[in-house]
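Q: what would the 3D arrangement of this be:
(chains A and B)
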Amino acid sequence: EDQVTQSPEALRLQEGESSSLNCSYTVSGLRGLFWYRQDPGKGPEFLFTLYSAGEEKEKERLKATLTKKESFLHITAPKPEDSATYLCAVQAGGTSYGKLTFGQGTILTVHP
Amino acid sequence: GAVVSQHPSRVICKSGTSVKIECRSLDFQATTMFWYRQFPKQSLMLMATSNEGSKATYEQGVEKDKFLINHASLTLSTLTVTSAHPEDSSFYICSAGQLAGGLYNEQFFGPGTRLTVL
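A: Predicted coordinates:
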C-alpha cells in the first residue's frame, strides 16, 4: 500500500526564517511526486511535480527536491502570504494511472 | 495552470435529500476526473476515479449507490450524494487530469464544495 508521511505537522516561522518541509513516501514504482498548496476552504493549488531522484524544481521562494525515499520543500525567506497547508502526494505505477495518495499536510504559519 | 470549477461552492440540505455537485474543466479536455473528500484538518481522500463515457472506479469503502458519479463529457463530471445524512457533511473536491504520454501529470483541483447536511 502506498504511504505518504509529512513532517512536521505544523511549522511556525518568522518572516525571513528559511526552513524545509519533509515528505517521506513508500510506493511501488513512483511515477511522480506532487506538491500542492492549500488555503483554508479552498482546493489545492498545484506547485511542482518531480519524477526522478535528484530532480529539483524552483518557483519563487520555493524549491522542491526528490530522493528515492523522500522529498523536501525548501522555503527561503518566507513571507506571511506563504502561510498555508502544504500537501505532498505520490502517483504510483500500475493500472490506476492518475491516482494520487496524499500525506496529511504541513500547516505553515509565517509571522511578520 | 488549467482551471477547474465546481458548483455549488456551498450547499446546505436536509437529511434524506440528494445533492448534485458539478465539476468542470474550463480550458482543457479532461479524460479523467477524480473526486475527493476532506474532513476538517485532514488530508484529501480519493473517493472515485471518473473516466469520460465509462463507469467510475470507486475506492474501497466508498458506497457506489450513495455517491453517484457521471462523466458525460470531457469537461463535466457530476457527483450526486443520494439520501444525504449528517455524516456525509464534508468538503468535496474534484480534480481533472491531462493524459500525456500515457501518464497523468499535473492534476488541477477545483475550489471545493462544502456540504452541510442538517
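Q: in terms of contact, does B:M45 touch B:Q60 like I think?
A: No: in this structure, B:M45 is not within contact of B:Q60 by CB atoms under 8 Å, at 11.0 Å. To be clear about C-beta, it is placed using only N, CA and C from the backbone, and glycine gets the same treatment.
Q: same drill for the two, tell me which one is more crowded.
A: When neighbours are counted by other CB atoms under 10 Å in any protein chain shown, B:M45 comes out ahead of the other of B:M45 and B:Q60, with 16 against 4.
Q: tell me which residue is most central in chain B.
A: Relative to the mean C-alpha position of chain B, the nearest C-alpha, by CA atoms, centre = their mean, is the one of B:W35, at 3.2 Å.
Q: tell me the secondary structure of that residue, please.
A: Here B:W35 is recorded as strand under DSSP: H, G, I helix; E, B strand; the rest coil.
Q: quick one, what contacts the residue lying closest to it once chain neighbours are set aside?
A: Distance criterion CB to CB, 6 or more residues apart in numbering or on different chains; nearest residue to B:W35, sequence neighbours excluded, is B:M47 at 4.6 Å. Neighbouring residues of B:M47 by CB atoms under 8 Å, 6 or more residues apart in numbering or on different chains: B:35-37, B:58-59, B:62, B:67, B:79.
Q: and B:M47, how far is that from A:L100?
A: Relative to A:L100, B:M47 is positioned 12 Å away (criterion: CB to CB, to the nearest Å).
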